[in-house]
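Asker: Prediction below, plus the sequence it came from.
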Amino acid sequence: METPYQNHIDKADFDHVYEPAEDSFLLIDALEKDLGYLKLKNPTFCLEVGSGSGVVITAFGIAFPNTFCFSTDINFKACIMSRSTAIRNKVLLDAVNMDLVTSFVDEKFDVVIFNPPYVVTETNECGGCGIAASWAGGVKGREITDRLLHMIPKILTKNGTFYLLLIKENIPLEVVHIMSQYGYKSETVITRKVRNEQQMVLKFCK
Ligand SMILES: C[S@@+](CC[C@H](N)C(=O)[O-])C[C@H]1O[C@@H](n2cnc3c(N)ncnc32)[C@H](O)[C@@H]1O
């Protein structure tokens, strides 16, 4: 998968929006590793939750030019940046400023992607809509992720696939268990140690 151009972004804007880092690129690498599977699935609608700069959903849009791409972010400035990254790379993207996927009522997506705020913090540190929302994950680093897990069955098509980035401290086995209660199988697509962080991308489908 191609890394999208980001040379349109002013470095200072990353004071307000998550700057793509190893986790962003691990997610892109996971999608690349799964390219054969995804091509067979021929997705019509793809959604990235918490798209930040838009680098991940844009990489997906470049690889799948016939897929309608959507993104959400709680941070308004991230939505603007996601859109500009998509435009810079000639990808059509609807970037919506919302909390997770709460305003999607009847929408169903074939692929959902999430690189959540996963750092373990105090509960009162997470849940904002500025730059701290990029990383502050509350208890187990999972407070935002867990809210999305329970919404996945509503927004994912029957044959859809959900990709989720986690670190070891998020206790991935508990996430696997939660998703299994909704009938999802899980698989680890890729793992990488980044400094003291063990990052991984899990994939869920029925
Ligand atoms: C770790 S950053 C990932 C950004 C981008 N996807 C990437 O991989 O570079 C997490 C993103 O989730 C967004 N976010 C946090 N809480 C959210 C929520 N409740 N609803 C939507 N987006 C949220 C943050 O604003 C941030 O852009």
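Answerer: Arrived safely.
Asker: what's the longest strand anywhere in the chain in contact with?
Answerer: Secondary structure assigned by DSSP state E gives strand 156-167 as the longest strand of the chain. Judged by C-beta atoms under 8 Å, 6 or more residues apart in numbering, the contacts made with strand 156-167 from elsewhere in the structure are 23, 26-27, 30-31, 34, 37-38, 41, 45, 108-116, 118, 141, 145, 152, 172, 175, 179, 184, 189, 197-206. C-betas here are computed from N, CA, C, even on glycine.
Asker: for stretch 79-87, same thing?
Answerer: By C-beta under 8 Å, 6+ apart, the list of residues contacting stretch 79-87 reads 4-6, 8-9, 13, 17, 51-55, 57-58, 61, 69, 71-73, 92-93, 95-97.
Asker: Dump it to PDB, restricted to CA.
Answerer: Output for stretch 79-87, consisting of C-alpha atoms alone and laid out as PDB, is shown next (Å, rounded to 0.1, in the frame of the first residue of the first chain):
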ATOM      1  CA  CYS A  79     -11.800  15.900  10.400                       C
ATOM      2  CA  ILE A  80     -10.500  19.000   8.400                       C
ATOM      3  CA  MET A  81      -7.000  17.400   8.200                       C
ATOM      4  CA  SER A  82      -8.400  14.000   7.200                       C
ATOM      5  CA  ARG A  83     -10.300  15.600   4.300                       C
ATOM      6  CA  SER A  84      -7.300  17.600   3.200                       C
ATOM      7  CA  THR A  85      -5.100  14.500   3.200                       C
ATOM      8  CA  ALA A  86      -7.700  12.700   1.100                       C
ATOM      9  CA  ILE A  87      -8.000  15.500  -1.400                       C
END
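Asker: Distance-wise, check the spatially most central residue of the chain relative to the ligand.
Answerer: For the chain, the residue nearest the mean C-alpha position is residue 114 (2.1 Å; C-alpha atoms, centre = their mean). Taking C-beta to the nearest ligand atom, to the nearest Å as the criterion, residue 114 is separated from the ligand by 8 Å.
Asker: Without its sequence neighbours, what residue ends up closest to that residue?
Answerer: Leaving out its chain neighbours, the residue that sits closest to residue 114 by C-beta to C-beta, 6 or more residues apart in numbering is residue 49, at 4.5 Å.
Asker: these two touch, right, the one you found and residue 112?
Answerer: Yes: with contact defined as C-beta atoms under 8 Å, residue 49 reaches residue 112; the gap is 6.7 Å.
Asker: Tell me which of those two has more neighbours.
Answerer: The residue with more neighbours, out of residue 49 and residue 112 and counting by other C-beta atoms under 10 Å, is residue 49; that gives 28 against 25.
Asker: Mind giving me the packing neighbours of the helix or strand harbouring residue 203?
Answerer: Residue 203 is part of strand 197-205, with elements assigned from DSSP states H and E. The helices and strands touching strand 197-205, judged by 3 or more C-beta pairs under 8 Å, 6 or more residues apart in numbering; DSSP states H and E, are helix 22-33, strand 156-167, helix 172-181, strand 185-194.
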